[in-house]
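J.: pasting the structure only:
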């Protein structure tokens, strides 16, 4: 057997090409070759799963858009055949879009509520609007504006129910399901009160529709919104609770994503796939969708940790130091990118590798490994800054919460945190929107303080509620002994040290 | 007034008294000797004048009360004590009293090995010490089954029973007619009177039938002779830990025993069953055998309290630590073992969180935000010594007598319960062999 050369030059390009932009925002479906159908996300993608809860950067918007795209949905269906995607039509129930084509925007929602419409009627109008169009139902004011459509539902519930039943019958006769995807739900309103009201109405509608088996709804939700007790305080809400799925990236999924990126890169893909086949005996399967071909990562490289680790060793230092005691790179990387809940965002994983590659090239240009452990350490530090920025988009108050903690050490007691925040007046500062936050203004979202602050139970200080909020988003963890710890991912970027029992003499 | 001086507060009081007498004192220049009763004695540089010293003596006597050796004896210059300047070079614990690094020289009646850092060791096969803070966590069972696992894969394995007060390996692994003449306890007693040469390693070791493959060797605590003289065992125990006439402490005598066994057998790996708890003899196993140390634990408050006491002491050894690779390398050789686990990920994370809480307060270095090269790990870092290898809880291994019950239990059950432990230890063993090549 001829020994194939490791495709070093090609892989340089593939790592350099990892995109820098922070996340997928559009409602446009992602390019086919960027869709890695994560084995661990099968349940989340299942049209029968009503609620998917995911942290910032876990792929809520990505999957929402991929489900809505014809070709991307086809690809998901090809890889996850059990989901029977070929029988599914998909519409947006809500998104970050503001063209009011598929659903009312935040501003229109505010206006509708100002006119006294109930949240439930608004959502029923949204669903019916799509169904009427897709199923060719008569009697629906398709050409009107949202206010007119909602008014029709509110004033003629009988018409609404008849149309819904008709749509359902037609879908069943065709053997189809119509899936409504709701994303970006933190953009429903200007404050928590409005968001809660609309979200609760939406959940009620979803629950009511459970009986219509051909009409499915799927909500992609942030964990803090899902944990919000005020949202789910209505009868039968627990039925939705049982069906909820967490959008998580296991270690194997992260590496699977990397192989997918490398194996589908226009310049490096072919060489990388050949290498996997010749050196490791794993073959990518070509999947043709329309005029494009996507190469599916072989099963062993998706799910087998040992096989993944072997392949990684072609690319990266085996250990995170000259000393094996610092740990294997394969486990070190995801561990050091994990938040306090043990979750890693795929974006920060890929970006850590991109920066690890750059840092390695700066040190030992042209040599092997492609990713040296010193470079990987730098890459992880860079990724931690990016992760913090990512979080900040959803939780704009996080910097104000972390800034006063600079110079302290963790693990620490709740009291230490309370004192530092109290001294800086953090709770007051983050309770209302900052006046000069240009980044926030560029974003089409209202400022939302930590929702826990509004609902702090009596007897609990707002600082304690804030601790709870920071724990919920994975920036702090409560240790078994009750103290609070911050994972390296955030600790280093926030300028916080780790305490230790051993001190050196000067 | 010294109404409320205790063992714990004596040293801080001493530091305070010294500071009051000599405000610009550098604690690196002085030594504190703690005598067998716990009284504190201060030794100061030769250039301190007589006035200062008599002032110090008065202050110390008042501050330390019962923990002072008396107003005339509480402080002296190096030149005025028997050991002289050599005291500065003597092994000391480093105790931080606020920001004062106090070098404390321990004079102990028992447990002197706890105050000594390990010596560099000469070449020897990989050694693994199995230690638990409390008994009943399956430590010996894990040791026996990993030993068998290795033997059946062609390794020559020596299992050494150092749980002298509660010996188990002999009775568990050797049939009553298959014991060697003597045990490790016998050797330690014979050694005290210079008779170790007449107790050769060959008489301390027997082959266990637990493994189908040859090469599972056992050095029990007691041998066939003890069966003939059972009444002598407690009398032997009373002497086992003593210093020899030449002044060799228990740790140094134990090292000689292990070396003698290794010379005789040339095993590929040595597994040592340590006594549980904080007993004086445990220091030898944890510090002085140049071994990988497996720390068995169940996730319960008494476990962590005990490990806190243990590590809280060991951290004081830091500055003088020598041996293969220094203090960092020594700490990296410790590894937590989560015993009797249900096996869920959440339970494991909780265990690692509990363990981290102790490690971060004791054996990890302070780490600045930029990390640097500090010996420190995050709460859930799988490469960290506090991150456990897990053994599952299983009734099959309760009151387990391997020679009789192994066939009933079956390989699959062993794999289910001990699989993660064996894989982790196999990997570490392989790494040690690669390192030594």
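T.: Noted; the coordinates are in hand. These numbers were taken from a predicted model, which means no experiment stands behind them.
J.: by mean pLDDT, flag the weakest helix or strand of chain B.
T.: The weakest-scoring helix or strand in chain B, judged by mean pLDDT, DSSP states H and E, is helix B:326-332 (a mean of 84).
J.: buried ones in stretch B:380-392?
T.: For stretch B:380-392, the neighbour count (16 or more other CB atoms under 10 Å in any protein chain shown) marks B:380, B:381, B:383, B:384, B:385, B:386, B:387, B:388, B:389, B:390, B:391, B:392 as buried. Bear in mind the C-beta positions are built from the backbone N, C-alpha and C, glycine included.
J.: phi, psi of the residue in chain B positioned nearest to chain A?
T.: Nearest to chain A in chain B, going by CB to the nearest CB, is residue B:383, at a distance of 2.6 Å. Backbone torsions for residue B:383, taken as degrees, to the nearest 10, come to phi -90, psi -10.
J.: what count of nearby residues applies to the spatially closest residue to residue A:433 that is not a sequence neighbour?
T.: Of all residues not flanking residue A:433 in the chain, residue A:447 sits nearest, at 3.3 Å (CB to CB, 6 or more residues apart in numbering or on different chains). For residue A:447, the count of nearby residues is 16 (other CB atoms under 10 Å in any protein chain shown).
J.: what's the neighbour count on the residue in the stretch 51-200 of chain A that chain B sits nearest to?
T.: Relative to chain B, the nearest point of the stretch 51-200 of chain A is residue A:55 (16.6 Å; CB to the nearest CB). Using other CB under 10 Å, the number of residues around residue A:55 comes to 25.
J.: I figured residue A:349 was touching residue A:334, is that so?
T.: Yes - Residue A:349 is within contact range of residue A:334, at 7.1 Å (criterion: CB atoms under 8 Å).
J.: the more surrounded of the two?
T.: More neighbours surround residue A:349 than the other of residue A:349 and residue A:334, with 25 against 21 (other CB under 10 Å).
J.: contact partners of the host helix or strand of the more buried one?
T.: Residue A:349 belongs to helix A:346-363 when assigned by DSSP states H and E. With CB atoms under 8 Å, 6 or more residues apart in numbering or on different chains as the contact definition, helix A:346-363 has outside contacts at A:12, A:15-16, A:18, A:20, A:22-23, A:57-59, A:249, A:253-254, A:257-258, A:261, A:316, A:333-334, A:337, A:369-372, A:374-376, A:378-380, A:382-384, A:386-387, A:390.
J.: and residue B:18, how close does it get to residue A:291?
T.: As judged by CB to CB, to the nearest Å, residue B:18 and residue A:291 stand 84 Å apart.
J.: more neighbours, the two?
T.: Neighbour count, other CB under 10 Å: between residue B:18 and residue A:291, residue B:18 has more, with 23 against 7.
J.: from what I can see that one touches residue B:25, true?
T.: Yes - with contact defined as CB under 8 Å, residue B:18 counts as touching residue B:25 (5.6 Å).
J.: walk me through the domains of the chain.
T.: Let's take chain A. Taking the TED database as the reference, chain A has its domains at A:39-246, A:259-285+A:306-391, A:395-498.
J.: not what I meant, chain B
T.: Using the TED database, the domain parsing of chain B gives B:7-107, B:115-297+B:394-435.
J.: for residue A:295, helix, strand, or coil?
T.: Secondary structure, DSSP: H, G, I helix; E, B strand; the rest coil: residue A:295 is strand.
J.: again, but for residue A:124
T.: Residue A:124 ends up helix, using three-state DSSP.
J.: check which residues of the least confident helix or strand of chain B are buried.
T.: Those would be B:327, B:328, B:330, B:331, B:332, for helix B:326-332 by 16+ other CB under 10 Å.
J.: do that helix and chain A come into contact?
T.: Yes - judged by CB under 8 Å from any CB of the partner chain, helix B:326-332 and chain A are in contact via B:327, B:329, B:332.
J.: which one of these is nearest to residue A:482?
T.: Comparing the residues of helix B:326-332 next to chain A against residue A:482 with CB to CB places residue B:332 closest, at 28.0 Å.
J.: local confidence estimate at the residue most central in space within chain B?
T.: The centre of chain B sits closest to residue B:286, judged by CA atoms, centre = their mean, with a distance of 2.3 Å. Per-residue pLDDT puts residue B:286 at 92.
J.: check which helix or strand covers the residue nearest to it when sequence neighbours are not counted.
T.: Excluding the flanking residues, the one nearest residue B:286 by CB to CB, 6+ apart is residue B:293, at 5.6 Å. Residue B:293 is located in strand B:292-297, with elements delineated by DSSP H and E.
J.: go through the chain and flag its longest helix.
T.: Just going to use chain A. Criterion DSSP state H: the longest helix present in chain A is helix A:373-394.
J.: wait, chain B
T.: helix B:402-436.
J.: how about that helix: buried residues?
T.: Neighbour-count burial for helix B:402-436 [16+ other CB under 10 Å]: B:402-403, B:406, B:409, B:414, B:417-418, B:420-422, B:424-425, B:428-429, B:432.
J.: also stretch B:254-263?
T.: B:254, B:255, B:256, B:257, B:258, B:260, B:261, B:262.
J.: mind listing which of these are in helices?
T.: B:254, B:255, B:256, B:257, B:258, B:260, B:261, B:262.
J.: and the residue in the stretch 301-450 of chain A positioned nearest to chain B, what are its phi and psi?
T.: Residue of the stretch 301-450 of chain A nearest chain B, by CB to the nearest CB: residue A:327 (2.6 Å). As for residue A:327, its main-chain torsions (degrees, to the nearest 10) stand at phi 100, psi 160.
J.: and it, how many residues sit next to it?
T.: So residue A:327, with other CB under 10 Å, has 22 neighbours.
J.: correct me, but it touches residue B:383?
T.: Yes - with contact defined as CB under 8 Å, residue A:327 counts as touching residue B:383 (2.6 Å).
J.: which neighbours do these two share?
T.: With CB under 8 Å, 6+ apart, residue A:327 and residue B:383 have common neighbours A:320, A:335.
J.: for the stretch 101-250 of chain A, what spans make up the strands?
T.: Counting by DSSP state E, counting those that start in this stretch, the stretch 101-250 of chain A has strands at residues A:177-182, A:215-221, A:245-246.
J.: contacting residues for the residue of the stretch 101-250 of chain A at minimum distance from chain B?
T.: Using CB to the nearest CB, the closest approach of the stretch 101-250 of chain A to chain B is made by residue A:250 at 10.6 Å. By CB under 8 Å, 6+ apart, residue A:250 lies in contact with residue A:40.
J.: please list all residues in contact with the residue of chain B closest to chain A.
T.: A:320, A:325, A:326, A:327, A:328, A:331, A:332, A:335, B:377 are the contacts of residue B:383 under CB under 8 Å, 6+ apart.
J.: now the closest residue to chain B within the stretch 1-150 of chain A: how far from residue A:299?
T.: Closest contact between the stretch 1-150 of chain A and chain B, by CB to the nearest CB, is at residue A:40 (13.9 Å). Distance from residue A:40 to residue A:299, counting by CB to CB: 13 Å.
J.: ok, the two, which is more surrounded?
T.: Per other CB under 10 Å, whichever of residue A:40 and residue A:299 has more neighbours is residue A:40, with 16 against 13.
J.: isn't the more buried one right up against residue A:248?
T.: Yes - between residue A:40 and residue A:248 there is a contact at 6.7 Å, judged by CB under 8 Å.
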